[in-house]
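> After the sequence you'll find the predicted model.
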Amino acid sequence: MGQFHLTSGYVYNLSDSNTLECMRWGDLYSECEQNLYFPFIDRDEWELGKFLYTHHMQTDIDTFLKLHWVTSKSQISFHLAQELLSHLDAIPKGPTWHCMKINTTGYVTKDPVYFFWHNALEVTWEIFGNPVFTQHMEYDPYQDQLPTSAAIIPIVLASDKAPITGMTGDIEMHPLFLTITNIDLRVHMKVTSHAWVCIVYMLAPDFIMNSEVHLVLEACIWHCCMDIVCAGLKLAAHTSTFMSDPNNATWYCFTLLAAYTADLLEQLMITCVTLSVSPVSTAKKTQFGDATPHLPHDDPWRLQVFLPKAKKQKLSGIQLPFWQDWQFSNPAIFLIGELLHFGHKMFFDHPFKWCKELLGHNKIDTWYHIQHKHVSACHFNGVLQVNQMTGHEHHDLQCTIVLTFTLLAIHAMEESLQEFHMHKDSILRAGVQQGKSKEIGHFQIPKLELLQSSGHSIHNIGSLIQYSADISKQLLITCCKDLFMHTNHQRSTFTEQIILWLDHEESICCFNLYSLLLEKGTNFTNVLCLESDASCYIDLTVDWVQRVSLEEVNHFHGLRTFHNHFLKGIVSDDSTTMFHITVKPDFVDKSSNYFTMIYNLPDFPHLLWNYINGIPGWTKFQLQLHSHHPPNNIIPSQQVQALPPSAEHPLGKCDAILVHYMPPFGTPTVVVAQVQAIFAFSTRGSLLPTGFSEPLLYVQYFAFTTTPTDRPNVTMYTIECMFIDSPEGSKSHVGAIISLLDVIHAVELIPNCGVAANHDVTSQTCQEVYNRFFLNNFTDKEWYYTMYHDYQ
């Protein structure tokens, strides 16, 4: 998007009105001055109406309102469900929904085609001025082609056609969603943050004709509707518009199309090309497996050549896509290789299948079955029969297969992709490139070709994770499939019912916050307090409410916070890590011999002061860290377990961690260790020495044997158990008692099974049976950064 300019992004006014201020000065201002909850009598009636609407169908509401207890004891202003709906229609709200009937003259459809839509520019105004996002907005423009003082509002669109009926019926919806990238990516990537708004709701037209013509007509209608919805945004991209931000400041804005999140079929429809070519480059089907990237499309339709010939034949076609007059828009830029389809799902459809064919289905199933289970981590008992997965499962599965073309840096990623192309013939020679019924002798994979543009896309629009189709898939569920269950399921009327539900749901959400702030006399600009800098609330509305009035938090629906152990816990020496154990131990008053017996740790007494008895112990602790980017963000805690042997876990269940280590000779370093027991010294006796008041861990160490550079085909560290010779001549694990504060991070170990996996090993016994492991670098980005930047 160019470079940052000091002459960009001027603030023109500091007394404008943000979204909530506009609600205050709406048509019902005088009535709301007398009654904050107008048209409801008071807050009690508002909460009753809100509860009835969000939890009951209209027939149930009517039944409730006719109860003698209600009619005799309560004085409410609505007595029928329809009257309640009228009240909800009257409360202050945002952009209105419009309805248009699509004329398909000459082409017959089974049902009339109705098109419900928001004005996309009005929605952009509302999102940009929403004070809920005050602390998560970015205003610094990066541009070099716009006038002095201009600010960019980068528009992100997402769409996906999907069936909304479960197992029966053929009803498909084609919604469109919008957000802006001025909002921090950690916020707009969450559906619960309400940063995305549904702006188009249209039933996929069902034409009575052959499927090929059907698809062309459907695409024509879609582009026509998109042109109507985005007209205001395109005009603002050319001539600008003034917008108010959450702080009531006015900006001189240009609304440019930054990215469009869609799967491959949707991208082909957007660019008006067929499956035989790439939607973003000049590559044809036979060139999809080429190692050399093809040039991006400048003008894939060659309009200057096509239009004169089309006019002679009196053709209209889809030669004018909705974005063709949107300033600076180019599908080679705004269509990105989003990670859900072109990353995780491509991995499942191709590289993962190669692994299954190469290793054998039974062998790879066994390897997944023996993986050590971690709390809150996905564990696969087997993958042989898995045919369908969610995006999260695709991601978890991808973290377990070691491939050399998924590195972090853009340059390294492009080099790794070239390395894959250099050696891809070995996949064909091994015969593992399989289709549904036979072996495939080529790599004409559209998603493989789209990987070539990933580095180009990152340079243009930033990290691709912020444009994942995970969001649009989840929005399809919340805005289409779930709401369909609230309708009468009649094809002719359910769309209108869903629109009414969406409209009321948006109104309720806004009015709930608006009325509370008015009642508390709070400013509408969401001023941040210093003590909330490290907030853990996932729902930003709840975050704001808890600062305004903590007792009101329970009246707002939203995802609640994960626990912030930094407020009260055991802090590390550098204040970057917090530990938590329960106040009540899992067992108390145990001798060192108890630990020796129950955990089968023969050297434990020799490492512990024998004169101390009454030892409390735990079977788990919580470890919480700050994020690397940005460092003031707190990430959810990790649970580390140390369970003694039992019927369910014959050899115990003990997790692995990375710890600080001081060798007998040499400099301090870090090692991997397995937590075998968690305990503390009793405080009932004499005063404990310095450093012994905190919980302690009995651990057994692993030694690093190779680094990622030693084994470039694996790109992971390998470790093995450390042993010492006992006086009896046998070998025993090297154990030690360390402070809980020496723990750095929880880690995942992958057993190094060698040539063949032991079928008798399970996920409960793998870390006790095997002695050699891979240290998985790819469990999450925080661990990857820790390993390769802090301890490389």
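It's in. Numbering: from 1, shown residues only.
> CA atoms only for stretch 66-73, dumped as CSV, please.
Output in CSV follows, covering the C-alpha atoms of stretch 66-73 (Å, rounded to 0.1, in the frame of the first residue of the first chain):
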residue,chain,number,x,y,z
LYS,A,66,-51.6,-14.3,28.2
LEU,A,67,-50.8,-15.9,31.6
HIS,A,68,-53.1,-14.7,34.4
TRP,A,69,-50.0,-14.0,36.6
VAL,A,70,-48.7,-11.6,33.9
THR,A,71,-52.0,-9.9,33.1
SER,A,72,-53.0,-9.4,36.7
LYS,A,73,-49.8,-8.4,38.4
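> how far out from the middle of the chain is that stretch?
Relative to the chain's own centre, stretch 66-73 is displaced by 46 Å; criterion: CA atoms, centre = their mean, to the nearest Å.
> ok, now stretch 197-217?
Chain-centre distance of stretch 197-217: 29 Å, with CA atoms, centre = their mean.
> cool, and stretch 271-282?
The chain centroid and the centroid of stretch 271-282 are separated by 28 Å under CA atoms, centre = their mean.
> Stretch 707-717 too?
That offset, for stretch 707-717, works out to 29 Å (CA atoms, centre = their mean).
> First-to-last residue distance for that stretch?
Its start and end residues considered, stretch 707-717 measures 5 Å (CA to CA, to the nearest Å).
> Would you mind finding the longest helix in the protein?
helix 494-520 (DSSP state H).
> For the next helix-or-strand element following that helix, which helices and strands make contact with it?
The element immediately downstream of helix 494-520 (helix or strand, assigned by DSSP states H and E) is helix 540-548. Counting by 3 or more CB pairs under 8 Å, 6 or more residues apart in numbering; DSSP states H and E, the packing neighbours recorded for helix 540-548 are helix 494-520. (Glycine included, C-beta is placed from N, CA and C.)
> Tell me the helices and strands packed up against the helix it packs on.
Contact partners of helix 494-520 among helices and strands, from 3+ CB pairs under 8 Å, 6+ apart: helix 19-24, helix 43-55, helix 81-90, strand 113-117, strand 197-202, helix 482-484, helix 540-548.
> need the ones you listed in JSON lines with distance to residue 33, can you?
As requested, the helices and strands packed on helix 494-520 are arranged in JSON lines below (distance: least, CB to CB, whole Å):
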{"stretch": "helix 19-24", "distance to residue 33": "9"}
{"stretch": "helix 43-55", "distance to residue 33": "16"}
{"stretch": "helix 81-90", "distance to residue 33": "15"}
{"stretch": "strand 113-117", "distance to residue 33": "33"}
{"stretch": "strand 197-202", "distance to residue 33": "29"}
{"stretch": "helix 482-484", "distance to residue 33": "34"}
{"stretch": "helix 540-548", "distance to residue 33": "21"}
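> Adding mean neighbour count, write the ones you listed out as JSON lines.
JSON lines is the format used below for the helices and strands packed on helix 494-520 (neighbours: other CB atoms under 10 Å):
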{"stretch": "helix 19-24", "mean neighbour count": "20"}
{"stretch": "helix 43-55", "mean neighbour count": "16"}
{"stretch": "helix 81-90", "mean neighbour count": "17"}
{"stretch": "strand 113-117", "mean neighbour count": "21"}
{"stretch": "strand 197-202", "mean neighbour count": "23"}
{"stretch": "helix 482-484", "mean neighbour count": "18"}
{"stretch": "helix 540-548", "mean neighbour count": "21"}
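> Select, out of these, the one closest to residue 244.
Proximity of these to residue 244 was assessed by CB to CB; the nearest stretch is helix 19-24, lying at 8.1 Å.
> ok, back up a step: report the mean per-residue pLDDT for the longest helix of the chain.
Model confidence over helix 494-520 averages 85 on the pLDDT scale.
> the inter-axis angle of that helix versus helix 81-90?
Here the directions of helix 494-520 and helix 81-90 differ by 60 degrees (axes from the mean of the first three to the mean of the last three CA atoms, to 10 degrees).
> now the angle from helix 494-520 to helix 43-55?
Inter-element angle recorded for helix 494-520 and helix 43-55: 150 degrees (by the same axes, to 10 degrees).
> Now helix 494-520: buried residues?
Taking 16 or more other CB atoms under 10 Å as the neighbour-count basis, helix 494-520 is seen to contain the buried residues 494-495, 497-518.
> again, but for stretch 617-627
By 16+ other CB under 10 Å, the buried positions in stretch 617-627 come out as 617-626.
> Residue 421 and residue 288 touch, don't they?
No. With contacts counted by CB atoms under 8 Å, residue 421 stays clear of residue 288, the gap being 11.7 Å.
> Of the two, which one has the most company?
residue 288 (22 against 17; other CB atoms under 10 Å).
> for the more buried one, what are its contacts?
Contacts were defined as CB atoms under 8 Å, 6 or more residues apart in numbering; by that measure residue 288 touches 278, 443-446, 448-449.
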